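J.: fold the stuff below for me.
(4 chains)
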There are 2 protein chains.
Amino acid sequence: MSAQPTEAPGAQQEASASPHSGIERLQGTELAAEVEFLTARARSLGSGRANQLLADLDLKVRSYSVLSLACSGENPSQRELADFLSLDPSQIVSLVDQLEKRGAVTREADPRDRRSKVIAATAAGRRLYRAAAAIVRESEAQSLRRLSTAERDTLRSLLQRVAFNGD
Amino acid sequence: MSAQPTEAPGAQQEASASPHSGIERLQGTELAAEVEFLTARARSLGSGRANQLLADLDLKVRSYSVLSLACSGENPSQRELADFLSLDPSQIVSLVDQLEKRGAVTREADPRDRRSKVIAATAAGRRLYRAAAAIVRESEAQSLRRLSTAERDTLRSLLQRVAFNGD
DNA sequence: ACTAATGATTGACTTTTTCAATGGTATAGG
DNA sequence: CCTATACCATTGAAAAAGTCAATCATTAGT
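T.: Have a look, this model is predicted:
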C-alpha cells in the first residue's frame, strides 16, 4: 500500500463502493488548493457519473447540453452553441447531426441570416430532454450531496461569475 | 419563439475587450444553472488560459500538476498520481516519462513495495515548478478576477468538498 | 459593386481517453 | 513453503475529443 507506517484509524474499506485510494495524503498539497485543479477534478468526477447514467438514453453530457439548449426556447444558432459550450463549430456540426438523425432536433435556416442555422427541439426531443434532465439532476445531486441547499446555490452563483467573467 | 428583433441583429463589434458572442441570451437557460455545466465551462476557460501561459515553460496543466505533486514532499506513487488527478495510469507513465527525460523528476523504486515507483522532483524540477506556479497563480487570478478574496476562499472550499466527496 | 468578414461544413491531423494484455511483485491461505 | 489472487507500472491499440485550415454561401462595410 502507501508509504504510511501508521494504519489508518478507521480502516473502513468494505461497507460500500468507496475505493478511497491513497488520495487523502495529497489533499494538503499546494495543488489541492488550486481552484483550477479542483474544478478539473470536480468536472471529471461529475461528467463521468453523468455520462454513465445518460448512457441509458444513448446520450452523453455533450449531446445532452445541445439538446437542452435546443429545448430552451432561445433558438440558438450553431455558432452560439459553440461559443456557449466552449466547443469548436465543427464539433457542433456532428453533435447536431446525431441529434437530428435521431429526430430530436431540427436545423432551420434563420430568415434573418441565411448563413446561420437555428437549432430547435422536436416533440420527441423535448420528451427525451425531460427524461435526460431528470437523470442529470440526480447525477448532480450525487455530486453535490455533501453540500447544503444554500451551499449549492452559493457554488452555482460563484461558478456562474467565473464561467461568464466576460473575458 | 418570441425572442425578437430588439437585440440589434447587426451585432456589435466591440473591437478590443469583449468578444461577447451571442452568449448572454443563453445564460438564463436551465443548462446555465447546472453546476455540472458551469464547472465544465469554467474549467475549459481556465485550463485554456493556463495552458497558453505555461507554454512558455513547455508545460501544460497536466504536466504541471504532476510536477507540483512531485514537489509536494509527499512522494506520491504513480498510482496515487493517477487517482488524484483522475487520469489513467498509462497517462501518468507518459507524463512522468516526459518530465523525467527533462530532468525535472525521478522515479525511485519504493523500498516498501518494489512494484510501485515514487516520483520526486529534482533541484531543476523544483526551480521549474516555482516558475510554473507563479504563472498558474497569475492565470488563476485572471480566472477569478471577478471574485473577492473571501469569495475565492468560499469557492475553493466548496469545490474541495465536491472534488473529494468520498464517492 | 467590391472587398472583407461570418456561419456552417468538410477533411486532415493531433491529443486525450479508454482498454486489454504483460511482467514483476506483494499478500493471503493452505 | 507454495500457490492463487491482486496490484503496480508499462505497452500498445483503438475510440473519442480537440484543433486547424479550406470552402461555399451569405452578409456587412465602404
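J.: where does the prediction get shaky in chain A?
T.: Scanning chain A for pLDDT under 70 picks out A:1-21, A:167.
J.: give the buried residues for stretch A:31-45.
T.: A:31-32, A:34-45 (16 or more other CB atoms under 10 Å in any protein chain shown). Heads up, the C-betas are built off the backbone N, CA and C, glycines and all.
J.: does the longest strand anywhere in chain A reach chain B?
T.: Longest strand in chain A by number of residues (criterion: DSSP state E): strand A:113-121. Yes: applying CB under 8 Å from any CB of the partner chain, one finds strand A:113-121 in contact with chain B at residue A:113.
J.: same for that strand, what does it pack against?
T.: helix A:61-70, helix A:78-85, strand A:105-110 (3 or more CB pairs under 8 Å, 6 or more residues apart in numbering or on different chains; DSSP states H and E).
J.: which of the ones you listed sits closest to residue B:98?
T.: helix A:61-70 (28.9 Å; CB to CB).
J.: does the closest one come close to DNA strand D?
T.: Yes: shown here: helix A:61-70 in contact with DNA strand D (CB under 7 Å from any atom of the strand) through residue A:62.
J.: ok now that helix, how far from the chain's centre?
T.: Offset of helix A:61-70 from its chain centre (CA atoms, centre = their mean, to the nearest Å): 10 Å.
J.: what does that helix rub up against?
T.: Helix A:61-70 is contacted by residues A:47, A:50-51, A:54, A:59, A:76, A:81, A:84-85, A:87, A:92, A:95-96, A:98-99, A:104-105, A:119-121, A:125, A:128-129, A:132-133, A:136, B:26, B:29-31, B:36-37, B:40 when judged by CB atoms under 8 Å, 6 or more residues apart in numbering or on different chains.
J.: which among those residues end up buried?
T.: A:47, A:50, A:54, A:59, A:76, A:81, A:84-85, A:87, A:92, A:95-96, A:98-99, A:104-105, A:119-121, A:125, A:128-129, A:132-133, A:136, B:26, B:29, B:31, B:36-37, B:40.
J.: OK, contacts around residue A:110?
T.: By CB under 8 Å, 6+ apart, the neighbours of residue A:110 are A:77, A:116-118.
J.: repeat that for residue A:125.
T.: Residue A:125 sits in contact with A:67, A:70-71, A:99, A:103-105, where contact means CB under 8 Å, 6+ apart.
J.: can you check residue A:34 too?
T.: Counting by CB under 8 Å, 6+ apart, residue A:34 has contacts B:136, B:140.
J.: repeat that for 10 Å
T.: Counting by CB atoms under 10 Å, 6 or more residues apart in numbering or on different chains, residue A:34 touches A:40, B:46, B:50, B:61, B:64-65, B:68, B:133, B:136-137, B:139-140, B:156, B:159.
J.: likewise residue A:54?
T.: Contacts of residue A:54 by CB under 10 Å, 6+ apart are A:47, A:60-64, A:131-132, A:135-136, A:139.
J.: please identify the helix or strand for it.
T.: Element membership for residue A:54, per DSSP states H and E: helix A:35-54.
J.: do that helix and DNA strand D come into contact?
T.: No: using CB under 7 Å from any atom of the strand, helix A:35-54 never reaches DNA strand D; the gap is at least 7.8 Å.
J.: ok, that helix near DNA strand C or not?
T.: Yes: using CB under 7 Å from any atom of the strand, helix A:35-54 reaches DNA strand C at residue A:48.
J.: on that earlier part again, of the buried residues of stretch A:31-45, closest to DNA strand D?
T.: residue A:43 (10.3 Å; CB to the nearest atom of the strand).
J.: what bridges to residue A:119?
T.: residue A:107 (DSSP bridges).
J.: isn't it up against residue A:84?
T.: No: using CB atoms under 10 Å, residue A:119 is not in contact with residue A:84, being 11.6 Å away.
J.: now for those two: what residues contact both?
T.: A:66, A:69, A:74, A:76, A:92.
J.: identify the farthest-apart pair in these.
T.: Most distant of those, by CB to CB, are A:74 and A:92, 15.2 Å apart.
J.: which among the contacts of residue A:110 count as buried?
T.: The buried subset of the contacts of residue A:110 (16+ other CB under 10 Å) comprises A:77, A:117-118.
J.: what's around residue A:139, how many residues?
T.: The tally of other residues near residue A:139 (other CB atoms under 10 Å in any protein chain shown) stands at 22.
J.: distance of it relative to residue A:132?
T.: Noted for residue A:139: a distance of 10 Å to residue A:132, by CB to CB, to the nearest Å.
J.: ditto for residue A:95
T.: 14 Å.
J.: what do you get for residue A:24?
T.: Residue A:24 is 35 Å from residue A:132, by CB to CB.
J.: ok, residue A:27 next?
T.: Counting by CB to CB - residue A:27 and residue A:132 are separated by 33 Å.
J.: before we move on, back to that, near DNA strand C, from the contacts of residue A:110?
T.: Applying CB under 7 Å from any atom of the strand to these, those adjacent to DNA strand C are A:77, A:116-117.
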